[in-house]
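Enquirer: What would the 3D arrangement of this be:
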Amino acid sequence: MRRRLPFYALFLGATLFSITTATGVAYAAKGNAKAPAAAAKPAGGGASAPEGSPPSPTLQRATKLYDKGDYYSASIELKKVLDGETPDSAENKQRAEFFMGKTLYQMGYYAGALAYFDKIVQAGDKHAYHGATLKWLAALSRVLPETSGILEKIGTYDAAALEDPTFDDVRDELYYLLGRHFYRKGGDGDFDTAIQLFEKVRPESGFYIKAKFFEGVTYVRKLDGKDALESFKAILVIDRERTAHKYSPAEIDEYTKLAILQMARVFYSAQDFEKSIRYYEKLDQDSPDWTASLFEASWAYFMITNNSKALGNIHTLNAPYFEDEFWPESVLLKSVIYYKYCLYDRAIEAIGEYDQKFRPLRKNLQDVVAKYEDNAEFYAYIKKVMAQKAGLDDVTQRLVMSVLIDKTLRKTFTWVDELQKELDMLGKSDKAWQTTQIAAEVLAELTLQKSLAEADAGKLAKERINRLIGELQELGRDGIKIKIEILNAQAEGISAKARKENITSDHQEEPIIVDDEHFMWNFNGEYWKDELGYYRFKIRSKCPKK
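Expert: Have a look, this model is predicted:
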């Protein structure tokens, strides 16, 4: 469900694209030795060597195992160093900490790796491997959702540090990620910082198209429509010059459609409704935002008094093809249109349609939210809803599911799923490795993070449903106001202001023009997919002539 225009809130959310990463060689695989038993703590192991001392044999062995790809054995040896079982200096222990993060990453325990790298991030420049960790955070951003906190950790770094030649291969990616961090923060000056970082991404970079998109939406958040349009136009240029860029066709299609939708919204907010409509109509049925564009374009058509098309779009939105989507405001818009044409019976009928379809659903949603007060328990209940095992009636089930497609909420669920995946992977790992200290530590970290993530997911899901309840309540009040105006008009109590805004009977409705590629026939109650988006209504005013 979408709220009313103007649209300063953007319905977007960028996708973080995963890449295939190398996983560790399975511990005790064919041809490898079995897992070594944990060594007893050597005499004097608790005493640290002075700074500048060479690494202990254990640390040297650990790094060699890492280089050979025996990550399971390497993790055991590194844990000995970190637990103080060797006389390594503080500097060498920092090296072990860094290698442990890398090792867990290579094993596929990304949440565990993030926990180790976070220790280095927290230490800041005092840690010898603080700068080197940034590259690994970039790698984690490709496999972990934003809700893991990865952007906040990247955001602690100074962008000036990226000028170092060691960041040549990831500099553009890190500029983009830092920009995303400041965009998400959204505080004083953060949008300007985000834009500066997005602008640093080079056109030849694979992150340029993403950076230009977020640069555009950041300008929108600043209410700077002119510069936003320039950023979005850069994406349309990439679309026209596809062969000159290394993006996949799917990636170009995705960002082009997102840019077009945002341009339509910018023009609408600037009250340039004709241009807004042109961009809305560039989106086709394959676009995931097509129904949103139909609804928003309905308002644009209404604003230029092309209500034949506005009603046609509303007719499309209520087709059975979109029974999993809810557009209650479209029904009220239909009522307002009929009211302005003095078609009061039809206007009242539309209000009745809203009351019948949507008013009962608010109570149903309130019952859903009241099921569990505890956020983690509510998350478990929502998982049942998603599996269609919560016992909800069909309409309430679809309405709740329409809320759960929220992109931020989906990312939160993805983080829970990632943590569960890593827990499952640990449970299937080599039995000998599972008995080690590092395995126990990873298990404890994953279990804790999953518990926190489930509570966060439940809290956010509850907030999203409560937001929908509030929107339905507000729309219900709007419906009552519209009904009162209609009843007053029927009783000839229409106000002078309302009479001035009505469409008089001598108004020339925009003609329905049929070109050579289309033909027209009357709607017989049956929807066809190739007709969607092409419906037109013939509507004639019953208001008095001027």
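Enquirer: My read is that residue 190 contacts residue 178, right?
Expert: No - under the criterion of CB atoms under 8 Å, residue 190 makes no contact with residue 178, lying 11.1 Å away. C-beta here means a position set from N, CA and C on the backbone, and glycine is covered the same way.
Enquirer: The two: which is more packed in?
Expert: Taking neighbours as other CB atoms under 10 Å, residue 190 and residue 178 compare with residue 178 leading, 25 against 17.
Enquirer: Residue 266 - nearest residue in space that isn't next to it in sequence?
Expert: residue 225 (4.5 Å; CB to CB, 6 or more residues apart in numbering).
Enquirer: In contact with the one you found, which residues?
Expert: Residues in contact with residue 225 (CB atoms under 8 Å, 6 or more residues apart in numbering) are 219, 266, 269-270.
Enquirer: out of the residues you listed, which are inside helices?
Expert: Secondary structure from DSSP state H places 219, 266, 269 of those in helices.
Enquirer: Give me the pLDDT value at the first one.
Expert: The predicted structure scores residue 219 at 97 on the pLDDT scale.
Enquirer: you'd agree it is up against residue 228?
Expert: Yes - between residue 219 and residue 228 there is a contact under CB under 8 Å: 3.7 Å.
Enquirer: Show me the common contact partners of the two, please.
Expert: By the contact definition CB under 8 Å, 6+ apart, residue 219 and residue 228 are jointly contacted by no residue.
Enquirer: and residue 368, what pLDDT?
Expert: 95.
Enquirer: brain fart, residue 107
Expert: 97.
Enquirer: any idea how far residue 425 is from it?
Expert: 9 Å (CB to CB, to the nearest Å).
Enquirer: which of these two has more neighbours?
Expert: Remark: of residue 107 and residue 425, residue 107 carries more neighbours, 26 against 15, as counted by other CB under 10 Å.
Enquirer: longest helix anywhere in this protein?
Expert: Ranked by residue count under DSSP H, the longest helix found in the chain is helix 437-490.
Enquirer: starting at the chain centroid, how far to it?
Expert: Mean-position distance between helix 437-490 and its chain equals 15 Å (CA atoms, centre = their mean, to the nearest Å).
Enquirer: same for it, what does it pack against?
Expert: Helix 437-490 makes packing contacts with helix 71-82, helix 110-123, helix 328-340, helix 344-357, helix 359-369, helix 375-386, helix 394-404, helix 407-427 when contacts are defined by 3 or more CB pairs under 8 Å, 6 or more residues apart in numbering; DSSP states H and E.
Enquirer: Determine the angle, from 0 to 180 degrees, between the fifth one and helix 394-404.
Expert: For helix 359-369 against helix 394-404, the angle by axes from the mean of the first three to the mean of the last three CA atoms, to 10 degrees is 70 degrees.
Enquirer: what's the answer for the longest one, then?
Expert: Between helix 407-427 and helix 394-404, the angle comes out at 90 degrees (the same axes, to 10 degrees).
Enquirer: do the same with the third one
Expert: Regarding helix 328-340 and helix 394-404, their directions subtend 110 degrees when assessed with the same axes, to 10 degrees.
Enquirer: Which other helices and strands does helix 328-340 contact?
Expert: helix 290-303, helix 307-317, helix 344-357, helix 437-490.
Enquirer: at 10 Å instead, please
Expert: With contacts defined as 3 or more CB pairs under 10 Å, 6 or more residues apart in numbering; DSSP states H and E, helix 328-340 has these neighbours: helix 290-303, helix 307-317, helix 344-357, helix 437-490, helix 496-501.
Enquirer: and stretch 316-336, which residues are buried?
Expert: Using 16 or more other CB atoms under 10 Å as the burial criterion, the residues of stretch 316-336 that qualify are 316-319, 322, 325-336.
Enquirer: How much space separates residue 85 from residue 362?
Expert: The gap separating residue 85 from residue 362 is 61 Å, by CB to CB.
Enquirer: Tell me if I'm right that residue 281 and residue 296 touch.
Expert: No - counting by CB atoms under 10 Å, residue 281 does not reach residue 296; the two are 11.2 Å apart.
Enquirer: one step back: of the contacts of residue 225, grab the buried ones for PyMOL.
Expert: Per 16+ other CB under 10 Å, the buried members of these correspond to this PyMOL selection:
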select buried, resi 219+266+269
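Enquirer: of the contacts of residue 225, closest to residue 159?
Expert: residue 219 (19.3 Å; CB to CB).
Enquirer: tell me the contacts of the closest one?
Expert: Applying CB atoms under 10 Å, 6 or more residues apart in numbering to residue 219 gives the contacts 191, 194-195, 198, 225-232, 262, 266.
Enquirer: Among those, the buried ones, what's the PyMOL command?
Expert: Selection of the buried residues among those in PyMOL, burial being defined by 16+ other CB under 10 Å:
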select buried, resi 191+194+195+198+225+228+229+231+232+262+266
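Enquirer: Got phi/psi on residue 543?
Expert: Torsion angles at residue 543 (phi, psi; degrees, to the nearest 10) stand at phi -70, psi 150.
Enquirer: for the spatially closest residue to it that is not a sequence neighbour, helix, strand, or coil?
Expert: Spatial nearest neighbour of residue 543, excluding adjacent residues (CB to CB, 6+ apart): residue 342 at 4.0 Å. With DSSP: H, G, I helix; E, B strand; the rest coil as the basis, residue 342 sits in coil.
Enquirer: ok so, going back, let's have the helices and strands packed on helix 328-340 in TSV, adding mean pLDDT and distance to residue 69.
Expert: Shown next, in TSV, are the helices and strands packed on helix 328-340 (pLDDT from 0 to 100; distance: least, CB to CB, whole Å):
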stretch	mean pLDDT	distance to residue 69
helix 290-303	96	47
helix 307-317	92	55
helix 344-357	92	60
helix 437-490	94	17
helix 496-501	55	73
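Enquirer: nearest to residue 171, of these?
Expert: Smallest distance to residue 171 across the helices and strands packed on helix 328-340 (CB to CB): 29.9 Å, for helix 437-490.
Enquirer: how much does the closest one deviate in direction from helix 328-340?
Expert: 10 degrees.
Enquirer: where's the nearest residue to residue 447 once chain neighbours are set aside relative to residue 355, distance?
Expert: Spatial nearest neighbour of residue 447, excluding adjacent residues (CB to CB, 6+ apart): residue 423 at 7.1 Å. Taking CB to CB as the criterion, residue 423 is separated from residue 355 by 48 Å.
Enquirer: The two: which is more packed in?
Expert: residue 423 (18 against 15).
Enquirer: And the pLDDT at that one?
Expert: On the pLDDT scale, residue 423 is placed at 97.
Enquirer: who touches it in this structure?
Expert: Listed by CB under 10 Å, 6+ apart, the contact set of residue 423 reads 109, 111, 442-443, 446-447, 449-450.
Enquirer: Separate out the buried members of those.
Expert: For these, a burial check counting by 16+ other CB under 10 Å picks out 109, 111, 442-443, 446, 449-450.
Enquirer: ok, so of the contacts of residue 219, who is nearest residue 369?
Expert: residue 262 (31.6 Å).
Enquirer: Which element, helix or strand, includes the closest one?
Expert: Per DSSP states H and E: residue 262 is located in helix 249-269.
Enquirer: Check which helices and strands that helix sits against.
Expert: Judged by 3+ CB pairs under 10 Å, 6+ apart, the packing partners of helix 249-269 are helix 208-221, helix 225-240, helix 273-280, helix 290-303.
Enquirer: so which of those helices comes closest to residue 535?
Expert: helix 290-303 (10.2 Å).
Enquirer: Dump the buried ones among the contacts of residue 423 into CSV; add distance to residue 213 as well.
Expert: Output for the buried ones among the contacts of residue 423, formatted as CSV (distance: CB to CB, whole Å):
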residue, distance to residue 213
109, 32
111, 28
442, 36
443, 39
446, 33
449, 30
450, 32
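Enquirer: Show the contacting residues for residue 445.
Expert: Residues near residue 445 by CB under 10 Å, 6+ apart: 104, 109, 111-112, 114-116, 419, 422.
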